[in-house]
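# how does the following fold in three dimensions:
(one chain, ligands or ions: 1)
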Amino acid sequence: MSRSVLVTGGNRGIGLAIARALSTAGDRVAVTYRSGEPPEGLFGVRCDVTDADQVAQAFSAIEQEQGPVEVLVANAGITKDNLLLRMDEADFLTVLDANLVGAFRVAKQAARGMLRARKGRIVLIASAVALAGEAGQSNYAASKAGLVGFGRSLAKELGSRGITVNIVAPGLTDTDMTAALPDERKQHILEQIPLRRAAAPEEIAHAVKFIASPEAAYITGAVIPVDGGVAMGH
Ligand code: NDP
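This is a model prediction of the structure:
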């Protein structure tokens, strides 16, 4: 299987683990990066998902290098945590723009080629806090819950053309994003997780690899938790 894949934010963390898993399975994998160098062995396109022009240019470069995107993993994401009264409107909008509108920008580009090909896989990386909520993360949870409505709407729009759209919802995962959390907060989160540990990025990648595979052809519009049980029932 050698499909043309794009993983946004595939230069580090969960995105890199997903990119490596798909590349090892034989896919041709492009990743976005904003600075520095892209990871070795993957096709790097410099792209900030908050900039529609950069997104369009990235898709042209990928199409030229490895063909139209057949599998899109919208993984790029940021946090700007604060309690409501301390949260600036700018911090709310910035997180929405990167996490939710960013996914819209890349999905719209990817859908063109997928509709033409009458097949495709779109995977949106949300979060366990999307539907459960989390104090101090109203902007982030809103952006991730938005991905659920967005993804399920796309699943309904695109399903008749053989395109599946699913949402993977990781829980606490060991990456730069969570390394920045204060120890006390991390401890508190760990106590809520039935499996009492964080995920390795590769554990999120396994789920994404499956949902993007031909074997998952009859699964669409699903929210797949990979969260050690923390958001059970949400
Ligand atoms: P990291 O902070 O380790 O990496 C974030 C990635 O997103 C980087 O590759 C970064 O690129 C990229 N990115 C951020 N903003 C943009 C942008 N505007 N344009 C392009 N790329 C961007 O995070 P994780 O690997 O932990 O997170 C990956 C995804 O998983 C995110 O969507 C996150 O919300 C989600 N998630 C993470 C959890 C966790 O516990 N770690 C739990 C649940 C969900 P650059 O290197 O250029 O900054």
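# when you work out contacts or count neighbours from here on, use the C-alpha atoms and nothing else.
Fine.
# what's the neighbour count on residue 1?
For residue 1, the neighbour count with other CA atoms under 10 Å is 10.
# equivalent analysis for residue 89, please.
Neighbourhood size, residue 89 [other CA under 10 Å]: 10.
# equivalent analysis for residue 64, please.
Residue 64: 10 neighbours (other CA under 10 Å).
# surely it forms part of a helix?
Yes - applying DSSP: H, G, I helix; E, B strand; the rest coil, one finds residue 64 inside a helix.
# so which helix or strand takes in the closest residue to residue 97 other than its chain neighbours?
Counting by CA to CA, 6 or more residues apart in numbering, residue 50 is the residue found nearest to residue 97 once chain neighbours are left out, at 6.1 Å. Under DSSP states H and E, no helix or strand contains residue 50.
# same question for the one 4 residues further on.
Element membership of residue 54 [criterion: DSSP H and E] is helix 52-66.
# off-centre distance for stretch 184-192?
Here stretch 184-192 shows a centroid-to-chain-centroid distance of 23 Å under the convention CA atoms, centre = their mean, to the nearest Å.
# mind listing what the most centrally placed residue in the chain touches?
For the chain, residue 75 is the residue whose C-alpha lies nearest the centre (CA atoms, centre = their mean; 2.3 Å). Applying CA atoms under 8 Å, 6 or more residues apart in numbering to residue 75 gives the contacts 7-10, 14-15, 124-125.
# write the PyMOL selection for whichever of those are buried.
PyMOL command restricting those to the buried ones, with burial defined by 16 or more other CA atoms under 10 Å:
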select buried, resi 7+8+9+10+14+15+124+125
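# just give me the closest of the contacts of residue 75 to residue 162.
The closest of these to residue 162 turns out to be residue 124 (CA to CA; 17.1 Å).
# the closest one pairs with what?
Following DSSP bridges, residue 124 is listed with bridge partners residue 74, residue 167.
# and it, what does it touch?
Residue 124 neighbours (CA under 8 Å, 6+ apart): 73-75, 103, 147, 151, 165-168.
# kindly identify which of those residues also come near the ligand.
Among the contacts of residue 124, proximity to the ligand is found for residue 75 (CA under 6 Å from any ligand atom).
# for the contacts of residue 124, which one is nearest residue 119?
Nearest to residue 119 among the contacts of residue 124 is residue 165, at 11.0 Å by CA to CA.
# in which helix or strand would I find the nearest residue to residue 58 once chain neighbours are set aside?
In space, and not counting its chain neighbours, residue 58 is closest to residue 45: 5.9 Å by CA to CA, 6+ apart. Taking DSSP H and E as the criterion, residue 45 maps to strand 43-46.
# hmm, back to that, counting neighbours, what do you get for the residue nearest to residue 97?
Residue 50: 20 neighbours (other CA under 10 Å).
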